[in-house]
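A.B. asks: Pasting a predicted model and its sequence here:
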Amino acid sequence: MSAPRHGRPSGARFHRESRRAAYDAIVVGGGFGGLCTGALLARAGRRVLLVERHDRVGGYGHSFRRSRYRFDSAVHLVGGCAPAGAPGGGLVARLLDALGLQGRTPLVRVDPVYAALYPELALRAPADLDSFVEAHAARFPGSAAGVRGFVDECLRIRAELELAGEAAAAGTPAAAALERLPTLRRHRRSTLGRVLGEHLADPRARAALATLWPYQGLPPSRASFLYFATLLLSYVADGACYCRGTFQTLADQLAAAIEAAGGEVLLRAEVRRILVEGGRVRGVVLENGQRIAAPAVVSNADLRQTALELVGREHFGARWLERLARLEPSVSAFVVYGATSLDLRRAGLAHETFRFPGFDHDESYARALEGDPSWLTLTVPTLADPDLAPPGEHLFTLTTLLGYEPPERWRRDKERLTDRLLELADGVVPGLRAATTFCEGGTPRTMERYTRNEAGALYGFALSPEQVGSGRPAAAAPLPGLTLAGHWTQPGGGVYGVLASGVEAARLVLGLPTQAELWKSLA
C-alpha cells in the first residue's frame with residue numbers, strides 16, 4: 001500500500017455525499033485518534049465512514065507545503081515504535097502490525113530523543129532506557145541513585161496502569177483494583193514536581209529529568225506524574241521515531257487502510273448533527289443535509305462541541321455536563337516554521353533541542369503564558385528526512401507554549417513573537433536568524449482554525465493530576481452508541497495518547513472485553 005501524496009487518501013474525493021446511506025460506524029474527525037479507530041474497525045470487517053472537514057486527514061498531524069518545503073504542523077516525534085520494551089510498550093508497532101502497515105510506514109528512529117540546553121549544562125537523552133539513566137547519572141553523579149529511583153517509579157507506574165486497565169475491563173471496582181496497585185494508589189494525584197522532589201535534592205537534576213514537560217503542556221509543579229511517566233517511557237524505552245515524508249504520511253496510510261478494507265473517507269465534509277432517537281445514537285447529518293445511518297458514532301472532535309453542538313445537552317445527564325464544564329483546556333502554542341541555508345547537521349543538533357534560560361520551569365511556563373517566551377524547542381526534521389527541503393537547506397520549527405488570546409492580539413503580536421523565537425534560536429545556533437531563507441509564524445488562533453479545538457488547545461484537556469485517569473472523560477460516553485476518541489478523552493494528549501484512545505474506542509465499538517482480545521481478533 002503506497003502512501004498517497006498531497007495529504008489526500010488514495011480514494012478520497014471532494015464529493016458532497018457518502019456512497020452509502022448506512023454504515024456500521026461513523027467516525028467524526030480525521031485526527032490520529034479517529035483514524036486509528038476507523039482503521040481498526042474497518043480491519044475487523046465493519047463498514048466505516050470517516051468524515052473530515054479539512055482537505056486532508058491528520059488533525060495536528062497534518063502537513064503543509066510552502067514553496068519548496070514540507071512542514072509538519074505540530075507533531076515532531078512519536079513513541080512506542082519498537083516492539084521491545086517494558087510491559088505496555090510498543091503501541092505504534094502493534095497498531096501497524098495489526099493493520100498490515102509494518103514495514104510500509106517509513107518510520108525513522110531518532111536517537112538521541114532530544115538534547116537539553118541549560119545555563120552551563122548540555123545533555124543528550126539517548127533513545128534507550130539504560131543509556132538514558134546512565135547519561136543523567138553521569139551528569140549528576142551525586143544524584144545517580146535518585147535518577148534510577150525516579151525512572152524505576154515510572155516503570156512501576158506504567159506496569160500498574162496496564163494492570164488497572166485490565167481490571168477495569170474485567171469489571172473490577174476501581175477501589176478494589178487500587179488496593180492491589182500501591183504505586184498507582186500513592187501517585188494517582190501526584191505532580192511530576194512532587195515525585196522528582198521525593199527522589200532528587202539537586203534542582204538542576206530535577207529540571208533535567210523534567211525536560212520533556214512542554215510535551216505535556218504544564219510545568220512540573222502542575223503536570224501529572226502518571227502521564228509524564230508513560231510519556232517519557234514511550235520515547236526512551238519503546239522507540240522514538242520520525243515519519244519520513246512528514247507525519248502526513250502516517251495519517252494518509254491510516255486513511256488508506258480504512259479504504260482498503262472497504263470503508264470511505266470524506267474530506268471537506270462536515271457533520272452538522274449527531275442523530276439521537278429513542279435515547280441512543282442513530283447516525284449523523286452532514287452540512288449538505290445528507291442523513292447517514294449508523295448504530296455507532298465515534299467522535300474525535302472537541303468534546304464540548306460534540307456534546308453541546310453536535311449532540312445537544314438534552315441528551316446528557318446534568319452531573320456529566322457539570323463535570324464537563326469544569327474541565328480546563330490545555331494551553332496552545334506559537335510555532336515558527338523556517339528554512340535555512342546553514343548546515344544544521346554539521347552544527348551537531350539533535351532532532352529536538354530544548355533551550356531553557358534556567359532551571360525553574362515554572363518561571364519559564366509563566367513567562368510564555370504572559371506572551372514573553374524565554375524558552376523554545378528547536379526541531380530539525382531534515383536530519384531524519386533530508387528530502388523535505390531542497391539540497392543545501394534544512395527545515396526547522398521553533399515552538400513555545402502560549403495561552404490563547406483573541407485574534408486581534410495575534411494580528412498585532414505575530415511578528416514580534418516570530419522575531420523573539422528567532423532571537424532565542426540564535427542562542428542555540430549562532431547565525432540561524434541571518435541565514436533563514438523562509439519564515440512563517442503560526443499562532444494559537446491558527447491551531448484553533450485548523451482543528452476547531454477550544455482555544456487552540458494542544459492536548460485537549462490539560463494534563464494535570466485531576467484531569468488524567470478517571471478525572472478525564474472515558475471513551476464510553478453516557479449515551480448509547482456514542483464513543484469518544486482523541487485527546488479530550490482518556491488517556492490524554494500527544495500522538496501516543498490519541499492512538500491509545502483510538503484503540504480503546506475500537507474495542508468498545510466491537511464489544512470486546514479487553515484490548516488483548518482486540519489484537520487477537522485482528523491477528
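C.D. replies: Good, I have the coordinates.
A.B. asks: quick one, longest helix in the chain?
C.D. replies: Of all the segments of type helix in the chain, defined by DSSP state H, the longest one is helix 144-169.
A.B. asks: mind checking the SS state of G171?
C.D. replies: coil (DSSP: H, G, I helix; E, B strand; the rest coil).
A.B. asks: Same question for stretch 157-174: list its buried residues.
C.D. replies: Of the residues in stretch 157-174, those buried under the neighbour-count criterion (16 or more other Cβ atoms under 10 Å) are 157-165, 167, 169. C-beta: built from backbone N, CA, C; applies to glycine.
A.B. asks: cool, and stretch 430-450?
C.D. replies: Residues of stretch 430-450 classed as buried: 432-433, 435-448, 450 (neighbour count, 16+ other Cβ under 10 Å).
A.B. asks: Narrow those to those in strands?
C.D. replies: For the buried residues of stretch 430-450, the ones inside strands are 436-442, with DSSP state E as the criterion.
A.B. asks: Touching stretch 413-423 from outside, list them.
C.D. replies: The list of residues contacting stretch 413-423 from outside it, by Cβ atoms under 8 Å, 6 or more residues apart in numbering, reads 334, 336, 338, 371-373, 376, 398, 400, 402, 432-433, 436, 439, 441, 443.
A.B. asks: related to what we said a few turns ago, now the ones in strands among the buried residues of stretch 430-450 as CSV including distance to F359 and pLDDT?
C.D. replies: Conversion of those to CSV gives the following (distance: Cβ to Cβ, whole Å; pLDDT from 0 to 100):
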residue, distance to F359, pLDDT
T436, 29, 97
T437, 34, 96
F438, 34, 96
C439, 30, 96
E440, 32, 95
G441, 28, 95
G442, 29, 93
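A.B. asks: Now compare these and name the two farthest from each other.
C.D. replies: Of all pairs drawn from these, the one with the largest separation by Cβ to Cβ is T437 and G442; the distance is 18.0 Å.
A.B. asks: Can you spell out the domain ranges of the chain, please?
C.D. replies: Here the domain assignment for the chain is 25-79+244-328+467-522, 130-235, 331-451, based on automatic domain parsing.
A.B. asks: I'd like those laid out as a markdown table, including distance to V110.
C.D. replies: As requested, those are arranged in a markdown table below (distance: least, Cβ to Cβ, whole Å):
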| stretch | distance to V110 |
| --- | --- |
| domain 25-79+244-328+467-522 | 6 |
| domain 130-235 | 9 |
| domain 331-451 | 5 |
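A.B. asks: Buried deepest among those, which one?
C.D. replies: Between the domains of the chain, the one whose residues have the most neighbours on average, counting mean count of other Cβ atoms under 10 Å, is domain 25-79+244-328+467-522 (a mean of 22).
A.B. asks: helix or strand right after the helix or strand hosting E198?
C.D. replies: Secondary structure here is read from DSSP states H and E; on that basis E198 sits in helix 192-199. Proceeding C-terminally, helix 192-199 gives way to helix 203-209 as the next helix or strand, assigned by DSSP H and E.
A.B. asks: For whichever helix or strand comes after that next one, the averaged confidence score.
C.D. replies: Read in the C-terminal direction, the helix or strand following helix 203-209 is helix 225-236, with elements assigned using DSSP H and E. Within the predicted structure, the mean pLDDT of helix 225-236 is 95.
A.B. asks: And helix 225-236, what does it pack against?
C.D. replies: Contact partners of helix 225-236 among helices and strands, from 3 or more Cβ pairs under 8 Å, 6 or more residues apart in numbering; DSSP states H and E: helix 129-139, helix 144-169, helix 182-187, helix 192-199, helix 494-510.
A.B. asks: mind listing what's buried in the helix or strand following that helix?
C.D. replies: Using DSSP H and E, the helix or strand that directly follows helix 225-236 along the chain is strand 241-243. Of all the residues in strand 241-243, those buried under the rule 16+ other Cβ under 10 Å are 241-243.
A.B. asks: Check which helices and strands strand 241-243 sits against.
C.D. replies: strand 107-109.
A.B. asks: hmm, 10 Å instead?
C.D. replies: In terms of contact count using 3 or more Cβ pairs under 10 Å, 6 or more residues apart in numbering; DSSP states H and E, strand 241-243 is assigned the packing partners strand 107-109, helix 248-260.
A.B. asks: Save these as TSV, and put in distance to S224 and mean pLDDT too.
C.D. replies: Conversion of the helices and strands packed on strand 241-243 to TSV gives the following (distance: least, Cβ to Cβ, whole Å; pLDDT from 0 to 100):
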stretch	distance to S224	mean pLDDT
strand 107-109	27	94
helix 248-260	26	97
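A.B. asks: Save the ones you listed as a markdown table, and put in distance to G279 too.
C.D. replies: Compiled in a markdown table, those are given as follows (distance: least, Cβ to Cβ, whole Å):
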| stretch | distance to G279 |
| --- | --- |
| strand 107-109 | 44 |
| helix 248-260 | 29 |
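A.B. asks: shaky segments in the protein?
C.D. replies: Low-confidence segments of the chain, defined by pLDDT under 70, are located at 1-16, 84-89, 169-170, 174-175, 407.
A.B. asks: among the helices and strands packed on strand 241-243, which is nearest L344?
C.D. replies: Within these, the stretch nearest L344 is strand 107-109; the backing value is 16.1 Å (Cβ to Cβ).
A.B. asks: And the next helix or strand past the closest one?
C.D. replies: Following strand 107-109 in sequence order, the next helix or strand is strand 114-118 (DSSP H and E).
A.B. asks: Take the next helix or strand after that following strand, keep the C-alpha atoms, and write them as PDB.
C.D. replies: In the C-terminal direction, the helix or strand that comes right after strand 114-118 (DSSP H and E) is strand 121-125. What follows is strand 121-125 as a C-alpha-only set of coordinates in PDB (Å, rounded to 0.1, in the frame of the first residue of the first chain):
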ATOM      1  CA  LEU A 121      24.600  22.400  31.200                       C
ATOM      2  CA  ALA A 122      24.100  20.400  27.900                       C
ATOM      3  CA  LEU A 123      22.600  16.900  27.900                       C
ATOM      4  CA  ARG A 124      21.600  14.500  25.200                       C
ATOM      5  CA  ALA A 125      18.900  11.900  26.100                       C
END
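A.B. asks: elements contacting strand 121-125?
C.D. replies: With contacts defined as 3+ Cβ pairs under 10 Å, 6+ apart, the packing partners of strand 121-125 are strand 114-118, helix 129-139, helix 203-209, helix 225-236, strand 352-355.
A.B. asks: Phi first, then psi, for G31.
C.D. replies: phi -70, psi 180 (degrees, to the nearest 10).
A.B. asks: so it makes contact with R56?
C.D. replies: No - proximity of G31 to R56 does not meet the contact threshold set by Cβ atoms under 10 Å, at 11.4 Å.
A.B. asks: so what's in contact with the two at the same time?
C.D. replies: Counting by Cβ atoms under 10 Å, 6 or more residues apart in numbering, the common neighbours of G31 and R56 are 62, 251.
A.B. asks: Tell me if I'm right that I274 and L286 touch.
C.D. replies: No - using Cβ under 10 Å as the test, I274 is too far from L286 to be in contact (11.1 Å).
A.B. asks: quick one, helices of the stretch 251-400 of the chain?
C.D. replies: Across the stretch 251-400 of the chain, reading from the start of the chain, the helices by DSSP state H, counting those that start in this stretch fall at 303-305, 318-326, 361-369.
A.B. asks: no wait, the stretch 1-150 of the chain
C.D. replies: Taking DSSP H, counting those that start in this stretch as the criterion, the stretch 1-150 of the chain carries its helices at 32-43, 91-98, 129-139, 144-169.
A.B. asks: Among those, which comes closest to A462?
C.D. replies: Set against A462 and scored by Cβ to Cβ, the helices of the stretch 1-150 of the chain come closest in helix 32-43, at 17.5 Å.
A.B. asks: Relative to the whole chain's centre, how far out is the longest helix of the chain?
C.D. replies: A distance of 21 Å separates the centroid of the chain from that of helix 144-169, by Cα atoms, centre = their mean, to the nearest Å.
A.B. asks: quick one: the residue sitting furthest away from the middle of the chain and E309, what's the gap?
C.D. replies: Distance from the centre of the chain peaks at G278, with 35.3 Å (Cα atoms, centre = their mean). Plainly put, G278 is 21 Å away from E309 if you go by Cβ to Cβ, to the nearest Å.
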